[in-house]
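Trainee: model the structure of this input:
(chains A and B, ligands or ions: 2)
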Amino acid sequence: MNIDATKPLEYGSEENSNKIFGFWIFLGAEIALFATLFTVYLVLVNRFAAGPSGPEIFELSGVLVETFLLLTSSFTIGLAIHSMRLGLKKPMMVFMILTLIMGLGFLGIEISEFFTYVHEGATLSTSAFVSALFVLLGTHGAHVGFGLLWGIAILIQVKRQGLTLATTNKSFIFSLYWHFLDVVWIFIFSFVYLKGLM
Amino acid sequence: MKWDEFFVTGEPMIYGAMASIVLATIAIIVGLTYFKKWGYLWREWLTTVDHKRIGVMYILSALIMLFRGGVDAIMMRFQTAVPENTFLDSQHYNEVFTTHGLVMILFMAMPFIIGIMNVVVPLQIGARDVAFPRLNAISFWLFFFGAMLLNLSFVIGGSPDAGWTAYFPLASIEFSPTVGNNYYSLALQISGIGTLLTGINFIVTILKMRAPGMKLMRMPMFTWSSLITSVIITFAFPVLTIALALMMFDRIFGSQFFTMANGGMDMLWANLFWVWGHPEVYIVILPAFGIYSEIISTFSKKNLYGYSSMVWSMVIISLLSFLVWAHHFYTMGQGAMVNGFFSITTMAISVPTGVKIFNWLFTMRKGKISFTTPMLYSLAFIPIFTIGGVTGVMLAMASADYQYHNTMFLVAHFHYVLIPGTVFAVIAGFHYWFPKVFGFKLNDRLGKHAFWWIAISFNVTFFPLFFLGLKGMTRRMYTYSEETGFGPLNMLSFVGALGLAIGFAILVYNIYYSIRYSPRETNGDPWDARTLEWATSSPIPAYNFAVTPNVKTRDALWAAKHDNISIFDEEIKPIHLPSNTGKPIILGAIFFAFGFAMVFSWFIPAIIAGIGIIIVMATMSFDRDHGITVSVKEIMETEKKLRGETL
Ligand code: HEM
Ligand SMILES: [Cu+2]
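Mentor: Ligands and ions are numbered 1, 2, ... in the order given. You can find the predicted model right below:
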């Protein structure tokens, strides 16, 4: 395989840059997906029937911690890619692990929040509003969960194979994915929680 | 659960279907074992990542689904041929028109198009393969197993019965308590993911893998149409993904998105469905336009008239296609302003479409036209599609639509656009590119016989429906009384449907006949065509082109033949190809198991299957595929052999 030395390793072959380009298009599709979910949520947000409304169940503290974790993890994945470009395998792995731990923390809080919602009488079948809330948050959460598994798989490969054409490419694509989840969360934070609490 | 809830019982026709499914399966298994073809099938086809073979498998599946959807169609026409017919009961009729529509659009038209895209696009742009060959295999197997899941519903549990549009509350668990619409949400979801991946794959392929010198404005028109279709797929399918997921949550987990109580909103479904559904129509029609452009230009021996206006009209159509969805429910109470907006955007689409029609006519003007089978379909397309278009504009007028909404007029209209638009196109493309893939033509005389049967019978079948619609016969009506006077025209329509069946039977016979008797070709360019796919030999070697072509003009091959502009001026170098893999088919099969378990709300098996999916994906991630390298010597030998030279 011919490696193009003028570019960072993750772009180093034609196949690699195609994969990155393809992933950007995939993210375009993901934007369409989340845009649809947000639309559904905003259409149904005031249809809480006899169930609770947003302000009645939202709690800011948990959400703030979640936001803090996810935003910081977006920063650490950036540092991981930076180290990767410098060829520093160890620091890169450390930052990746930090990222995943924060992702795990985020997910843990989100799941415990789901339990409180249910506890307060907001189940999937309570009202259209709660259904839309759970599916929007759940889709994002499922993405984070999938990201954790994916990240672990990549970490193992980096550990075994070092920083190669293939592993740098995968790590970089993973970082795009992770940043994207962060952006979606910012929208959730603004349109679901802030709007709901105002 | 009791057996008679699981299997559909008490219907002689369904017992017949079960028996024939079992018999066909046994026949295939016995046949493969007897001829010792299992290994061959597995190694050469089921595990292939070669875009040509994946394309062939798509087309084969689509042809089988055409047969299945066709049987549904005949049953419906037979049922309504005479008043008060008792051949089908109302529930069965509901299931039949639902699966007919679903199968025809999602499992016949679209896969047929994607199959042709798979075969043709990499060749037209001078590439070795698509950008992501293994992803391509995954796409195919997801489509395939999604289609199988839907077909299984017919014998296990019952088919969806709320129309291919699955409007709520009709499709809710309350009004459609069988598992039919669970199948709908899961089967479409699985195959839809495959389609989305195809869209992404082809965008990257077309934008990044073109041969040197092939600027965007030098791309063949079919490639252009595939690019635009892929873009529509990428933005429309996520909407379907969400709609189907919400449907599944409503039906299986009791959420309240589309319910009538607890704040649910049934119109939300209609909007989501058509935000995807209308672009879907263009996903199947734009590549058809691309196919016609290639065929008309080839058989008129002229370059395509108005190339850039052809491209721009497609771009405009694709944008507008996202802005017209509400014309499907003018009558569902959305107010005059909204209806007005959607009425105007809908009519606006007819302008770029009209541009294309005139371009085709101008392409033929003063051309040396040869009336081959593919050309006949292309010629017939123009007037028939125009009737469909004109009636479409009639339907686009919101106020008038209150008259023909949900009548047979609509059924006639969309068949008048879908059949000449998509079905004629894929058949024409099938005849046109067949010799490219297999190295011999389909018999032209039989092809023309089939064409005349199909073209004439099509009009006999569907033209009467315009009048039935205007007389007030509504859509999806399983029977009617003598006094309505709908009888004679329906009978005529049934006769037409039989004619269509005969036409398709001749088409299939032609495939068999040609495999046996058609003379084999050696030069790879039997039609004296214009674009790059004809520059390699037929059948096509695994690596497509021995050396990467250099493109300097539009219609590169034509220029090479007539203006002596060389396209192959590099030396032969070793070629790297990806190796086959069984994981895509395994992944598809597990998705099938997952879907099936979910349909019946068997959550433990579903979770196990879900874990299986993750494991297969993880092992794919850990794979380090080194592929195979074809040496210069092997390439030279293959090339000589394909040209019929002795070594
Ligand atoms: C081969 C000949 C065909 C015949 C005789 C035929 C006949 C019919 C009939 C009788 C209906 C049902 C009308 C009713 O609701 O009672 C129908 C519906 C439909 N057909 Fe076809 N059809 C044919 C081919 C096709 C093709 C090729 C496509 C698409 C590419 C197609 C797409 C549809 C759709 C989407 C529906 C609506 C189903 C629904 O109401 O949910 N048909 N067809
Ligand atoms: Cu439409």
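Trainee: what about A:W24, neighbour count?
Mentor: For A:W24, the count of nearby residues is 13 (other CB atoms under 10 Å in any protein chain shown). Quick note: C-beta positions are derived from backbone N, CA and C, even for glycine.
Trainee: could you say which helix or strand holds it?
Mentor: helix A:14-44 (DSSP states H and E).
Trainee: that helix - contacts with which helices or strands?
Mentor: With contacts taken as 3 or more CB pairs under 8 Å, 6 or more residues apart in numbering or on different chains; DSSP states H and E, helix A:14-44 sits against helix A:128-161, helix A:165-188, helix B:180-208, helix B:221-253, helix B:266-300.
Trainee: would TSV of these with distance to B:R530 and mean neighbour count be doable?
Mentor: Output for the helices and strands packed on helix A:14-44, formatted as TSV (distance: least, CB to CB, whole Å; neighbours: other CB atoms under 10 Å in any protein chain shown):
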stretch	distance to B:R530	mean neighbour count
helix A:128-161	45	19
helix A:165-188	38	20
helix B:180-208	18	25
helix B:221-253	10	24
helix B:266-300	6	24
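Trainee: for ligand 1, find the nearest of those helices.
Mentor: helix B:266-300 (6.9 Å; CB to the nearest ligand atom).
Trainee: so for that closest one, mean pLDDT?
Mentor: Averaging pLDDT along helix B:266-300 yields 95.
Trainee: does that helix reach chain A?
Mentor: Yes - with CB under 8 Å from any CB of the partner chain as the measure, helix B:266-300 is seen reaching chain A through B:268, B:272, B:275.
Trainee: show me how far whatever helix or strand comes next after that helix is from its chain's centre.
Mentor: Moving toward the C-terminus from helix B:266-300, the next helix or strand (DSSP H and E) is helix B:307-320. How far helix B:307-320 lies from its chain's middle: 21 Å, per CA atoms, centre = their mean, to the nearest Å.
Trainee: residue of chain A closest to chain B, please.
Mentor: A:R47 (3.0 Å; CB to the nearest CB).
Trainee: mind checking the SS state of that residue?
Mentor: coil (DSSP: H, G, I helix; E, B strand; the rest coil).
Trainee: now do the SS call for B:K366.
Mentor: coil.
Trainee: nearest spatial neighbour of it, chain-adjacent residues omitted?
Mentor: Closest residue in space to B:K366, ignoring its immediate chain neighbours: B:K302 at 7.7 Å, by CB to CB, 6 or more residues apart in numbering or on different chains.
Trainee: I figured A:F174 hits A:L149, correct?
Mentor: No - here A:F174 does not reach A:L149: they are 11.1 Å apart, not a contact under CB atoms under 8 Å.
Trainee: show me where the stretch 401-550 of chain B has its helices.
Mentor: Ranges of helices within the stretch 401-550 of chain B are B:408-418, B:424-438, B:444-471, B:487-517, based on DSSP state H, counting those that start in this stretch.
Trainee: and the ones you listed, which is most packed in?
Mentor: For the helices of the stretch 401-550 of chain B, the largest average neighbour count (mean count of other CB atoms under 10 Å in any protein chain shown) is found in helix B:424-438, namely a mean of 25.
Trainee: how big is the angle separating that helix from helix B:444-471?
Mentor: 160 degrees (axes from the mean of the first three to the mean of the last three CA atoms, to 10 degrees).
Trainee: gap between stretch A:36-47 and the chain center?
Mentor: 21 Å.
Trainee: average pLDDT for stretch B:575-591?
Mentor: Stretch B:575-591 comes out at a mean pLDDT of 93.
Trainee: now that stretch: buried residues?
Mentor: B:575, B:577-578, B:580-581, B:583-591 (16 or more other CB atoms under 10 Å in any protein chain shown).
Trainee: so which of these comes closest to B:M332?
Mentor: B:F591 (34.5 Å; CB to CB).
Trainee: so for whichever strand or helix holds B:I54, mean pLDDT?
Mentor: Counting by DSSP H and E, the element that carries B:I54 is helix B:51-81. Here helix B:51-81 scores 94 as its mean pLDDT.
Trainee: what do you get for stretch A:122-142?
Mentor: 94.
Trainee: now that stretch, how far from the centre of its chain.
Mentor: So, by CA atoms, centre = their mean, the centroid of stretch A:122-142 is 17 Å from its chain's centroid.
Trainee: quick check: phi and psi at B:I575.
Mentor: phi -120, psi 140 (degrees, to the nearest 10).
Trainee: contacting residues for it?
Mentor: B:I575 makes contact with B:128, B:543, B:629-630, B:635, according to CB atoms under 8 Å, 6 or more residues apart in numbering or on different chains.
Trainee: buried ones among these?
Mentor: B:128, B:543, B:630, B:635.
Trainee: lowest average confidence, helix or strand, in chain B?
Mentor: When the helices and strands of chain B are scored by mean pLDDT, DSSP states H and E, helix B:3-6 comes last with a mean of 65.
Trainee: which element follows it toward the C-terminus?
Mentor: helix B:12-34.
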